[in-house]
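Q: When you get a sec, could you give me coordinates for this:
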Amino acid sequence: MTPAKYRPLTFGVTRVVLRDGAPGVRYLRAEQPLQDYPARMTDRLKHWAQVAPDRTFLARRTRLADGQTGDWQHVTYAQAWAAARSIAQALINRHLSDKHPVLILSGNDLEHALLSLGCLVAGVPFVPTSPAYSLIGSDFGKLHHVLRTVTPGLVFAADATQFGKAILAEVDLNREVVLTRGQIEGRSSTTFAELLATPVTDQVDAAMSATGPDTIAKFLFTSGSTKLPKAVINTHRMWCANQQQMAQSMPVLAQAPLVLVDWLPWNHTFGGNHNFGMVLYHGGTLYIDDGKPTPALMAETLRNLREISPTVYFNVPTGFDAIANAMKTDAQLRKTLLSRVQMFFYAGASLAQPIWDALFEAQEREIGERIVMTTGLGMTESGPFAIIVTNPHIKAGDLGVPAPGVELKLVDVGDKTEVRYRGPNISPGYWRAPFETAEHFDEEGYFCSGDAVKWIDETDVHQGLKFDGRIAEDFKLATGTFVSVGPLRARIIAAGAPYIQDVVLTGINLKEVGAMVFPTQKVRELSGLANNASMAEVLASAPVLAHFQRVVDDLAKSATGSSSHIARLCLLAEPPTIESSEVTDKGSINQRAVLTHRAQTVAQLHDDSLPTILKPQPVQSKHRNQQQVLTSH
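A: Predicted structure coming up:
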């Protein structure tokens, strides 16, 4: 059958300029120049409070006593502006600054948003941190590191019961604590309502006037995949320029009133800079989704998407997977979600083809056309927006072209090409870490990303780039052969779809490549076992083993050498955990942390000491291996 047409979508950047530099170096930029942008994000808040005062800026469902969610509570632009000014006065009264900013421990909610806006008005940086730093584990090591790095003058948390233990353990008594709900026994605190009730003086206008493009808006901590998290400096210039780059690359953002339904955490750049900033920049409406693409919380996301129709929608691949599955049987979800959405956008991991196919099937069934799914590449240090696919014919791994105002430096590093960034959206560096800042910028001032890229089509540079893995993740076998982790990992996920959530490759300084597979919950359906069966029982079932045996055999057929041959594979019953830094809040896998945390499993996988390991069947492989099966905890 001929695929349905795409719902019309205009792309901003369609042509690029490529120039040669020194040997092994090329430079790539968009042909379209970057247009003017505001000096600070608070200018946009003030603008929309004047132009559209009664428009809903933020909405979140109320919390009920039984832990469920109720009706939507709305905050208009006028209300947000007034609240931000009162909070700004409260912060000014406390003499806070970049040396002593506001630390936010809890996740996305209305108070978090308003406090952030108050910080922007007052010129006081805010520091949204992963709630996991305060809620998971007992040593609070990463929270301790954050406190030591930014030395906050005020610490905010939504709930005393949830965050009290971490506050008592790590927050000095001389640091003010602000809470939305409850009190911490033995610790004085201020209520959020008190900040909101602060009378505004002329100091607020003077403080906002004193802020400018180089004023620090926030500190965002990296995930800390190799070392302790680093505090990335985010200036107003960086944030505003990035939003203008997005507006020019994705014209759909300004073509109609923007509506987002979004769960992505604000302590990450995707949710906090990209999506929250997008709504503020364009005067849109953000419905805060308390769901998440996990078995326990996905139902809340689906509930929200049955009720609210977004104009664009952002998620990670596991989220789109769950939505595609639900739309097969949920007519109301299809009707509401697809009624006016103009674009889907994913990031954080590769989107497997079966998920794409399922989404297209639901779209064609409901509206008779397809919704463009796009993606790109960026990082906390780039705002995050830097590269985007600007045509509907995207394939897994495609990244696209640079945003206006960003120049990419493509540098040959061994047999890879690293992409480096320079532009107004690039962070000036890491807070209180001059040596780490210096080592991440090259002699021309380009930020060294560590990401490797290739051309989508070497005969047509206007199609842009595709992902070729993380240079730091690549490793050598004992033979000296390099293993390119990114492309091989994507190939395994595609071969095992829809039953593979993620893969970690093994074999550093060993003779052959192995794979540790985190399965999706769909393997339960594949197993045919009862719902109460343990994951270990599911992974040991005959249908599951048979499926992954076929995956291993098919991968062996297409292998071109030892660097692309999966010689052994195991299925992991225990999912990656945030506590051990194996996965981020938004679901991105940390290869190095998994290898470190599960070093015993890696060793057993490669020395055959575990009772069962999946290997290619000898008759179907160029390599002489025996078939076994492994289910690892």
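Q: what ranges of the stretch 101-250 of the chain fall below the confidence cut-off?
A: For the stretch 101-250 of the chain, the stretches flagged by pLDDT under 70 are 224-226.
Q: Can you show me the helices along it?
A: Listed in chain order, the helices of the stretch 101-250 of the chain (DSSP state H, counting those that start in this stretch) span 110-122, 132-135, 141-150, 160-170, 192-196, 202-210, 236-249.
Q: mind checking which of those is nearest Gly528?
A: Taking C-beta to C-beta, helix 132-135 is the member of the helices of the stretch 101-250 of the chain nearest to Gly528, at 34.7 Å. For glycine as for every other residue, the C-beta is placed from the backbone atoms N, C-alpha and C.
Q: which secondary structure elements does the closest one contact?
A: Where contact means 3 or more C-beta pairs under 8 Å, 6 or more residues apart in numbering; DSSP states H and E, helix 132-135 is packed against helix 141-150, helix 160-170.
Q: then the shortest one to PDB, C-alphas only?
A: Below are the C-alpha coordinates for helix 141-150, written out as PDB (Å, rounded to 0.1, in the frame of the first residue of the first chain):
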ATOM      1  CA  GLY A 141      26.100  11.700  47.800                       C
ATOM      2  CA  LYS A 142      25.100  13.600  44.600                       C
ATOM      3  CA  LEU A 143      22.900  16.000  46.600                       C
ATOM      4  CA  HIS A 144      25.900  16.700  48.800                       C
ATOM      5  CA  HIS A 145      28.000  17.400  45.700                       C
ATOM      6  CA  VAL A 146      25.400  19.800  44.400                       C
ATOM      7  CA  LEU A 147      25.200  21.700  47.600                       C
ATOM      8  CA  ARG A 148      29.000  22.000  47.800                       C
ATOM      9  CA  THR A 149      29.200  23.200  44.200                       C
ATOM     10  CA  VAL A 150      26.600  25.900  44.100                       C
END
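Q: now that helix and helix 160-170, what's the angle there?
A: On the basis of axes from the mean of the first three to the mean of the last three C-alpha atoms, to 10 degrees, helix 141-150 is oriented at 70 degrees to helix 160-170.
Q: Give me the contact list for helix 141-150.
A: Helix 141-150 is contacted from outside by 101, 103, 105, 127, 129-130, 133-134, 166, 170-171, 219, 221, 224, 228-229, 231, 431-432, using C-beta atoms under 8 Å, 6 or more residues apart in numbering.
Q: Using PyMOL, make a named selection holding only the buried ones among those residues.
A: Command for PyMOL that selects the buried part of the contacts of helix 141-150, burial taken from 16 or more other C-beta atoms under 10 Å:
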select buried, resi 101+103+105+127+129+130+133+134+166+170+171+219+221+224+229+231+431+432
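Q: re earlier: pipe the helices of the stretch 101-250 of the chain into TSV and attach distance to Ala452 per row.
A: Converted to TSV, the helices of the stretch 101-250 of the chain look like this (distance: least, C-beta to C-beta, whole Å):
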stretch	distance to Ala452
helix 110-122	34
helix 132-135	29
helix 141-150	28
helix 160-170	38
helix 192-196	45
helix 202-210	42
helix 236-249	22
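Q: what's the closest of those helices to Asn267?
A: For those, the distance to Asn267 is smallest for helix 132-135, at 8.9 Å, taking C-beta to C-beta.
Q: just the CA coordinates of that closest one, formatted as CSV?
A: This file holds the C-alpha atoms of helix 132-135, laid out as CSV (Å, rounded to 0.1, in the frame of the first residue of the first chain):
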residue,chain,number,x,y,z
ALA,A,132,16.2,11.2,42.9
TYR,A,133,19.2,12.9,44.6
SER,A,134,16.9,13.5,47.6
LEU,A,135,14.5,10.6,47.4
